[in-house]
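> Need coordinates for the following:
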Amino acid sequence: MVRYALLTFCLVSSLSARMPKQYTIEQFLTTTSVFGGSFSADGKSILISSNQTGIYNAYRVPISGAAVTPLTNSTKDSTYAISFFPKDDRVLFSRDQGGNERTHIFVKNPDGSEHDLTPGDKTKASFAGWTFDDSAFFYLSNARDERYFDLYRVTTADFKPQLIYQDDTGYQFSGVSDDEKFIAFSKPKTDNDSDIYLYSVGTKQMKHLTPHTGEVRFLAQAFSHDSHYLYYLTDQGSEFTYAERYEISTGKKETVERQKWDVEFVDFSRTGKYRIVGINEDARTKVEIFDNATGKPLTLPTFPEGQISGVHFSRDEDLLCFYFNGDRAPANLFLYDLKTQTVKKLTDTQNPAIDPADLVDSKVVRYKSFDDMEIPAILYKPHQASADAKAPALVWVHGGPGGQSTRGYSSLMQFFVNHGYVVIAVNNRGSSGYGKTFFQADEKRHGREPLWDCVQAKKYLGSLDYVDTSKIGIIGGSYGGYMTLAALAFQPDQFVVGVDLFGISNWVRTLESIPPWWEAQKEALYKKIGDPKTDRDMLFTYSPLFHADKVERPLMILQGANDPRVIKAESDDMVAAIKKKGGIVNYMVFPDEGHGFSKRENQIKGYGAILAFLDQYLKGS
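Modelled structure (predicted):
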């Protein structure tokens, strides 16, 4: 069925080829990115993050439909909205310095003044929720020990932090019960094996809830409003994760949500009236909402092809805000009145200069790899591509490892496709969303089987009559950047060009220089990729830097100077090695970015330069 459907799609698409209007990267990036959804104390506004000025700031969105107004005005460092205060008009937001990921929590007062609640040059802090009585909030901070995150409770009256739990083990916080008697933690062993622990605030005892044999994932999600149950995800006895709940008083466990795909999350409205469930359904998140008392699903507004995300209830649970996006439509904020069942669009993020008809819909495809393993991918076909006008193509590799390319709007993907490039976003073995067997299939095999899946994607592209098989490149960010470097070093004849965005060149150095706050997942990372002590020789073998002499094709590298995950030396050394052998390498360093772009100006420079590079060395090859 899949092969037939793909064939039909390709034939129809070839027949309907046309030349769309082409847009600049500035036009694509004038499209605004928005997220977040905290209701104000009076219920008349929603707090969001938006980059409409080119850098993220916090904004107030009136539910009346009036104009969006800024609440912060940073011009240097991106600022991300956290929450309105439940009882007044103050705002919490977070900010780091130049992308270094050492985020602090700030309060914004109605008079415009700002106050850093978590100071310290080496501090990294994150919001952890409000108390049910609205008098205080929780946050996590590594100020005491960079490796671990302690839990603090802060009253809104004086902002004096009270230590609730000191972590010296590497637990990952999941939530506090509404009665504040229990704290839930997850503890990863590997990416495929984790446990849940329940801490009693009164007795100061930590209870292990999930003893098991073999590799099983247990991930704590949320407490019920009455604090009787802890909801969690597990894949015990299953390829895919499903939701269960644990009765705290008896220890009884029962399944509450099982699907044919991974259940990604379970959450509740303020008093537990509604249960929100997210399902990773074939590269798209499907959100379902249930009346928790009856178990009946809530009827949500219907839209054209796309997905709902970022669901938030008002405090009185009468209103629901959410985001909707499709392949040709960027995310917009909507308001749904549960009583009147009416829906209102609150933002308009698409650049009006761009006609959605000139953009393209993606399609989920599958192909067989070298060993017959089925590999899922997302395919984007330019309007102008046909059997008579074959197009160059790009194999896109996501980050991770363990990430997933999904459907939905992407300015970068649409930019490439609009300019005549076929894009196939590969979910190589080791990607999440397709069962634990598939997810585990890349362990300590990087530079081998996962890379060969990407090479096979090139062969799949060759089966499409509208692809110019002599003009196929590879591109990716983070782990995808590593895969780009690995492709050019270990499969030097396969791809015409490579584009690496902040990717790893030397696994040993990257694993030895991971940020100290990754202590909790360090062992899981070693299990997935390799231990720099015991697997050192293997890691050198799979590190492209030490095979740079084999790189023959043009390469472009983009790097953030403040990147704490993939430090600048990773890119510096790869560039130096290729230049030493006389190879072609274009290198761009962004002094005010970290691991990825947070500023529109840098995106315009970087993405525009990538297209120029591709037009010269791939399309023009």
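
> Low-confidence stretches in this structure?
Within the chain, the set of residues satisfying pLDDT under 70 comprises 1-16, 621.

> What are the buried residues along the lengthiest strand in the chain?
Longest strand in the chain, counting residues (DSSP state E): strand 467-477. For strand 467-477, burial by neighbour count (16 or more other CB atoms under 10 Å) applies to 467, 468, 471, 472, 473, 474, 475, 476, 477. Backbone N, C-alpha and C define where each C-beta goes, glycine included.

> Can you name the residues that contact the second one?
If I follow you right, that is residue 468. Applying CB atoms under 8 Å, 6 or more residues apart in numbering to residue 468 gives the contacts 390, 391, 392, 393.

> The first one reaches residue 472, doesn't it?
In this case it means residue 390. No: judged on CB atoms under 8 Å, residue 390 makes no contact with residue 472 at a distance of 11.1 Å.

> For the longest strand of the chain, which strands pair with it and how are they oriented?
Under the criterion DSSP bridges, strand 467-477 sits next to strand 391-397 (parallel), strand 498-501 (parallel) in its sheet.

> Quick check, central residue of this structure?
residue 403 (7.9 Å; CA atoms, centre = their mean).

> about what we covered before: please tabulate the strands paired with strand 467-477 in TSV, including the columns mean neighbour count and distance to residue 284.
Shown next, in TSV, are the strands paired with strand 467-477 (neighbours: other CB atoms under 10 Å; distance: least, CB to CB, whole Å):
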stretch	mean neighbour count	distance to residue 284
strand 391-397	28	17
strand 498-501	29	24
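
> nearest to residue 42, of the ones you listed?
Closest to residue 42 of those, according to CB to CB: strand 498-501, at 42.8 Å.

> which element follows the closest one toward the C-terminus?
The element immediately downstream of strand 498-501 (helix or strand, assigned by DSSP states H and E) is helix 507-512.

> For this structure, just list every one of the helices.
Using DSSP state H, the helices of the chain run over 2-15, 25-29, 411-418, 436-440, 449-462, 479-490, 507-512, 522-528, 536-541, 568-580, 600-614.

> quick check: domain ranges of this protein?
2-26+354-619, 33-170 (automatic domain parsing).

> can you give me the offset of the longest one from its chain's centre?
Translated: domain 2-26+354-619. 16 Å (CA atoms, centre = their mean, to the nearest Å).

> Name the residues of stretch 117-127 that are buried.
117, 118, 123, 124, 125, 126, 127.

> quick one: which of those residues is nearest to residue 311?
Checking the buried residues of stretch 117-127 against residue 311 with CB to CB, the nearest one is residue 127 at 18.0 Å.

> so how many other residues sit close to the nearest residue to that closest one once chain neighbours are set aside?
Spatial nearest neighbour of residue 127, excluding adjacent residues (CB to CB, 6 or more residues apart in numbering): residue 82 at 4.8 Å. By the criterion of other CB atoms under 10 Å, residue 82 has 20 neighbours.

> From residue 250, how far out is residue 82?
Residue 82 sits 36 Å away from residue 250, going by CB to CB, to the nearest Å.

> Likewise for residue 500?
To residue 250, residue 500 is 53 Å away according to CB to CB.

> just to revisit the earlier point, and the strands paired with strand 467-477 as a markdown table, adding distance to residue 365?
Shown next, in a markdown table, are the strands paired with strand 467-477 (distance: least, CB to CB, whole Å):
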| stretch | distance to residue 365 |
| --- | --- |
| strand 391-397 | 13 |
| strand 498-501 | 22 |
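
> how far away is residue 464 from residue 391?
Counting by CB to CB, the gap from residue 464 to residue 391 is 9 Å.

> ugh, wrong one, residue 338
Per CB to CB, residue 338 is found 47 Å from residue 391.

> Kindly report the same for residue 306.
In terms of CB to CB, residue 306 sits 26 Å off from residue 391.

> now swap in residue 90 and tell me
In this view, residue 90 and residue 391 are 52 Å apart by CB to CB.

> do residue 479 as well
According to CB to CB, residue 479 and residue 391 sit 27 Å apart.

> With residue 112 instead?
52 Å.

> Kindly report the same for residue 346.
38 Å.

> and of the strands paired with strand 467-477, who's closest to residue 35?
strand 498-501 (21.1 Å).

> Dump the C-alpha coordinates for the closest one into CSV.
Output of strand 498-501 as CSV, limited to C-alpha atoms (Å, rounded to 0.1, in the frame of the first residue of the first chain):
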residue,chain,number,x,y,z
GLY,A,498,27.6,18.7,2.9
VAL,A,499,26.3,21.4,5.3
ASP,A,500,27.0,21.0,9.0
LEU,A,501,25.2,23.2,11.6
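
> residues making contact with that strand?
For strand 498-501, the surrounding residues in contact (CB under 8 Å, 6+ apart) are 473-478, 480-482, 484-485, 487-488, 553-558, 571, 574, 596, 606, 610, 613-614.

> And stretch 153-168, by the same measure?
Residues from elsewhere that reach stretch 153-168 (CB under 8 Å, 6+ apart): 85, 87, 90, 107, 115, 117, 131, 134-139, 141, 144-145, 148-152, 176, 183, 199, 201.

> Now do the end-to-end distance for that stretch.
Separation of the first and last residues of stretch 153-168 by CA to CA, to the nearest Å is 18 Å.

> Then stretch 132-145?
29 Å.

> With stretch 267-275 instead?
Start to finish, the residues bounding stretch 267-275 are 6 Å apart (CA to CA).

> Which positions in that stretch come out as buried?
267, 268, 269, 270, 272, 274, 275.

> Apart from its neighbours in sequence, what residue is nearest the fourth one?
By that I understand residue 270. Nearest one to residue 270, counting by CB to CB, 6+ apart, is residue 315 at 5.6 Å.

> number of nearby residues for the closest residue to residue 255 other than its chain neighbours?
Nearest residue to residue 255, sequence neighbours excluded (CB to CB, 6+ apart): residue 244, at 5.2 Å. The tally of other residues near residue 244 (other CB under 10 Å) stands at 21.

> ok, what's across the strand from residue 244?
residue 232, residue 255.

> so who does it touch?
231, 232, 233, 234, 253, 254, 255, 256.

> Against residue 436, how distant is the last one?
Computed with CB to CB, the distance linking residue 256 and residue 436 is 20 Å.

> Kindly report the same for the second one.
When CB to CB is the yardstick, residue 232 and residue 436 sit 16 Å from each other.

> and these two? which has more neighbours close in?
Of the pair residue 232 and residue 436, residue 232 is the one with more neighbours under other CB under 10 Å, namely 25 against 19.

> how much space between that one and residue 245?
7 Å.

> One more: residue 88?
Applying CB to CB to residue 88 and residue 245 gives a distance of 35 Å.

> and those two? which has more neighbours close in?
More neighbours surround residue 245 than the other of residue 88 and residue 245, with 21 against 14 (other CB under 10 Å).

> The more buried one reaches residue 226, doesn't it?
No: applying CB under 8 Å as the test, residue 245 and residue 226 come out as separate, 11.9 Å apart.

> related to what we said a few turns ago, including distance to residue 48, could the buried residues of stretch 117-127 go into CSV?
Converted to CSV, those look like this (distance: CB to CB, whole Å):
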residue, distance to residue 48
117, 21
118, 22
123, 26
124, 23
125, 21
126, 18
127, 15
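
> among those residues, which are in strands?
The members of these that map onto strands under DSSP E are 125, 126, 127.

> Without its sequence neighbours, what residue ends up closest to the first one?
Taking CB to CB, 6+ apart, and ignoring the residues beside it in sequence, residue 125 has residue 118 as its nearest neighbour in space, at 3.8 Å.

> and what of the second one?
Spatial nearest neighbour of residue 126, excluding adjacent residues (CB to CB, 6+ apart): residue 140 at 5.0 Å.

> mind checking how far that neighbour is from residue 171?
10 Å.

> ditto for residue 78
In terms of CB to CB, residue 78 sits 28 Å off from residue 171.

> Okay, now stretch 399-418: how far is its last residue from its first?
For stretch 399-418, the first-to-last residue distance is 23 Å (CA to CA).

> again but with stretch 128-140, I slipped
Using CA to CA, the end-to-end distance of stretch 128-140 comes to 7 Å.

> Fine by me, thanks again.
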